[in-house]
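>>> Sequence plus the predicted model coming up.
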Amino acid sequence: MEAVVAAVRCRPMTTAEELSGQNHAITITPDSKQVIVSNERAFTLNHVYSGEATQNHIFEELVEPVINKVMLGFNACVMAYGQTGSGKTFTMGTEVKAASAGVVHNALQKIFVSSTDFEVHVSFLEIYKEEVLDLLSSGKRKLPVIDFKPKGLSLISVRDVDSALAVMEKGLGNRHVGATNANLHSSRSHAVFTIHYTKETTEGKFTSKLYLVDLAGCECVSDMSGNTKREGLMINKGLLQLGIVMSALSSPGQDHIPYRNSVLTSILKDTLSPQNFLVLIACISPLEVDTAMTLNSLQFASRVGNIKCNPEAGQVIKPRPPITTPFKLPGSYKKRVNTTIDTPGRQGKQQRPILRPLNKTIDSPRTPHVRGMTKQFWPTSTPFQNTAKPLFAEPTPIPKRNDAAKRRSSSEWDALDISTSTVVDNATQVKNQEEVNQTNIVPSSENETWLRSIIADVIREELKSHSTFLSQTHRQDGPSPTKKPRRSTRLANTQVDNSSFFNHEADATIVSSSPNHTNHVQLQPDSDDFKIPSLDSIRRSVRISLVGAGFSEASETAKPPQQSQQLEQTTGNRNVCLDTSETRVPVRRSTRLSVVPRPVYTESPKMDKSLLNARKPKVTKKAARMSTRLSILPNATPEVAQKNLNDLVLDILKLGDLKKLQSLPTIGPKTAVVISNHRLLHGPIRSFKDLKNIQGLSANFTKRFLWANNIVLEGDDEDDE
Ligand SMILES: Nc1ncnc2c1ncn2[C@@H]1O[C@H](COP(=O)(O)OP(=O)(O)OP(=O)(O)O)[C@@H](O)[C@H]1O
């Protein structure tokens, strides 16, 4: 069977057409498979059918071979194209009265009769005015087209032909149908009935689809009007784009197929591809008056006949293999993946797997306790074969903060800093770290190690105050002490300080080569009376010990820069330069600003409170506009200006429209209407006193109006007022 079949079916003339003496313009020559229009144009197609061709004959020749392919897993489409009233719906059987005879009925029967162990689902949609409507859903839901597919389309499982036809008839009841010049029951939409065929085979399960498309008739919209014309325009648009897609498919070497240009082609993209089978039935009218439309349909069919398809077997859906890990992790790495690090600030995400290469430095500002953990922790030599013994113990899970019994103070969290361990000697640090990480730390005289770690922490803090000198030691191009460094530089310096302090080999030696710092603190735990010293007392003791060891006290370090630039101190057998200048320590901007002395006003200027109580003259916008108009009067004396103002306002009252009237103060929209109506009924307003006679205005309106508009009356008017 050919992958693409283009056929033509000419409907017979109706009795009415014969009686009216219409001329027959179509000649069918089945032997040569030609259609001749008005003895002038001949088209050769794969199959040609005259008015005598029966539904069964058409089905057996055109559709049955395709259904056999569908049942093997291929996708296919059978499409009826033609002018309105040419017999598309009749051929497809997508009409209630013809349902038992058309392509849809025969296709369903063929599938249910000749197949076993299968499932059939059907869907039915229409494209009306470039919108997709689900004909099988209650209320004809509009469906969005996403990725060339209608989203949320109803898919109904059917067990036999009757149930499938019942579903189709339900959908047909929802289809848009109207009357046109050529057809009293004209389809005003493109209908797509899809049979989803699913079969279980020894190789797996596949689902193939058969699209049965009844296109709306292309029609001449020039003699149409109203909604029918709009429908016709939309129909023609979809069909035009379908023709363009067919042309693109039939042109060799065409890469871009413009499926997106219309909803119809978007929906049919799935089936209009060279991988599928396609049968086009061009339905034509035999009448001479329809020659133009007939030629159009035949040209379309010829174009489709030129499409070269290479159908591929349906997508056999094999059972899914079990989900496996995409790659295998080396043993040491896998172990590390399971390691979790907790951050005090992230209580919601306690367990975070660390997935980092071994040679990467963990230096996240959000995980301060691991800052500075560098290559020492995860050696770089052989990234995935960590044979070298790590300098520090791997971080063990840190207890949850929400557990009150295990809650730690901020200094304890700092004590958990991996880098803290650098201060004490390597032999004890792993042990210390483990003990510190234990969740239930009960300080006791026996738990001296825990105390040692706290003390180490305090020592670290104390030494941190001197860390600037270390950054200076390691940074040759350090920032000038006189110039405040940029914020980014300051931050960088802070990091350098920490890392250089805790990770630089020389510094580590300085610390470790000195007598064990923890021993400087004279702790003599008595087994009976021993009490946990407070952090402050530890800090004090540490300071004293550090001063004894040659470090200067922080209070003494606040010397002018020129004096305290470099203080040579000796620690053990190493020379250490202590830059104790406090001025280098970056100070937060908010802190700096807070210490800036603010001007103090001892004497506030006395204010004349009577000024506050004085009522400001109320100048409305309208009044301002009025006075602006008056201001253009040149050199007017006060009397003349007043007279001009009176005349101006009176003119507006006499002749002004609603908008003009509202431009006057105290006249709003309602009052303007009242005045306007009064003028219509009783003639123009001659003077301000006429305002009193206007029905609908309040008693004191005239007074308010005159005051607000700065009208000063003279003579008779004034007396009246
Ligand atoms: N081959 C045929 N044999 C007998 N009657 C036919 C044939 N083709 C069409 N008709 C009759 O012609 C009329 C119009 O046909 P149909 O409604 O199928 O046209 P259509 O192309 O679907 O029109 P529209 O696009 O407006 O929906 C119907 O009454 C139908 O019964």
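That came through fine. Please read these numbers as outputs of a predicted model, since none were measured by experiment.
>>> hey, let's count contacts and neighbours off CA atoms from now on
Noted.
>>> Checking my notes, residue 279 in a strand, right?
Yes - assessed with DSSP: H, G, I helix; E, B strand; the rest coil, residue 279 lies in a strand.
>>> I'd say it and residue 4 touch.
Yes - the criterion here is Cα atoms under 8 Å, and residue 279 meets it with residue 4 at 5.8 Å.
>>> Could you list the paired strands of the helix or strand where residue 196 lies along with their orientation?
Element membership for residue 196, per DSSP states H and E: strand 190-201. Sheet pairing of strand 190-201 (DSSP bridges) gives strand 118-128 (antiparallel), strand 204-214 (antiparallel).
>>> Can you point out the buried residues in the last one?
Along strand 204-214, these residues count as buried under the neighbour rule (16 or more other Cα atoms under 10 Å): 205, 206, 207, 208, 209, 210, 211, 212, 213, 214.
>>> okay, that strand in CSV with CA atoms only?
Provided in CSV are the C-alpha atoms of strand 204-214 (Å, rounded to 0.1, in the frame of the first residue of the first chain):
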residue,chain,number,x,y,z
GLY,A,204,5.6,-5.0,24.3
LYS,A,205,2.6,-2.6,24.2
PHE,A,206,1.9,-0.1,21.5
THR,A,207,-0.7,2.5,20.9
SER,A,208,-1.4,3.7,17.4
LYS,A,209,-3.8,6.4,16.3
LEU,A,210,-6.2,6.7,13.5
TYR,A,211,-7.4,10.3,12.8
LEU,A,212,-10.7,10.6,11.0
VAL,A,213,-11.0,14.2,9.9
ASP,A,214,-14.1,15.8,8.5
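>>> one step back: could the strands paired with strand 190-201 go into JSON lines alongside mean pLDDT and distance to the ligand?
Below are the strands paired with strand 190-201 laid out as JSON lines (pLDDT from 0 to 100; distance: least, Cα to the nearest ligand atom, whole Å):
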{"stretch": "strand 118-128", "mean pLDDT": "91", "distance to the ligand": "13"}
{"stretch": "strand 204-214", "mean pLDDT": "90", "distance to the ligand": "8"}
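>>> With distance to residue 289 added, can I get those strands in JSON lines?
Formatted as JSON lines, the strands paired with strand 190-201 follow (distance: least, Cα to Cα, whole Å):
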{"stretch": "strand 118-128", "distance to residue 289": "28"}
{"stretch": "strand 204-214", "distance to residue 289": "24"}
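>>> C-alpha coordinates for stretch 273-287, PDB please?
Provided in PDB are the C-alpha atoms of stretch 273-287 (Å, rounded to 0.1, in the frame of the first residue of the first chain):
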ATOM      1  CA  SER A 273       4.100  14.000   9.000                       C
ATOM      2  CA  PRO A 274       6.000  11.800   6.600                       C
ATOM      3  CA  GLN A 275       6.200   9.000   9.100                       C
ATOM      4  CA  ASN A 276       2.400   8.400   9.000                       C
ATOM      5  CA  PHE A 277      -0.100   7.000   6.500                       C
ATOM      6  CA  LEU A 278      -2.400   9.600   4.900                       C
ATOM      7  CA  VAL A 279      -5.600   9.100   2.900                       C
ATOM      8  CA  LEU A 280      -7.200  12.200   1.400                       C
ATOM      9  CA  ILE A 281     -10.600  12.000   0.000                       C
ATOM     10  CA  ALA A 282     -11.400  15.100  -2.100                       C
ATOM     11  CA  CYS A 283     -15.100  15.500  -2.300                       C
ATOM     12  CA  ILE A 284     -16.400  17.400  -5.300                       C
ATOM     13  CA  SER A 285     -19.700  18.600  -6.600                       C
ATOM     14  CA  PRO A 286     -20.700  17.600 -10.200                       C
ATOM     15  CA  LEU A 287     -22.300  20.900 -10.900                       C
END
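>>> I'd say residue 249 and residue 258 touch.
No - the criterion here is Cα under 8 Å, and residue 249 misses it with residue 258 at 9.7 Å.
>>> Compare the two and say which is more crowded by neighbours.
Neighbour tally, residue 249 and residue 258, criterion other Cα atoms under 10 Å: the higher count belongs to residue 249, 24 against 17.
>>> How about the contacts made by that one?
For residue 249, the contact set (Cα atoms under 8 Å, 6 or more residues apart in numbering) comprises 257, 273, 274, 307, 308.
>>> Name the nearest of these relative to the ligand.
Of all those, residue 307 has the smallest distance to the ligand: 23.7 Å, by Cα to the nearest ligand atom.
>>> packing partners for the strand or helix carrying residue 166?
Using DSSP H and E, residue 166 sits in helix 161-174. The helices and strands touching helix 161-174, judged by 3 or more Cα pairs under 8 Å, 6 or more residues apart in numbering; DSSP states H and E, are helix 103-114, strand 118-128.
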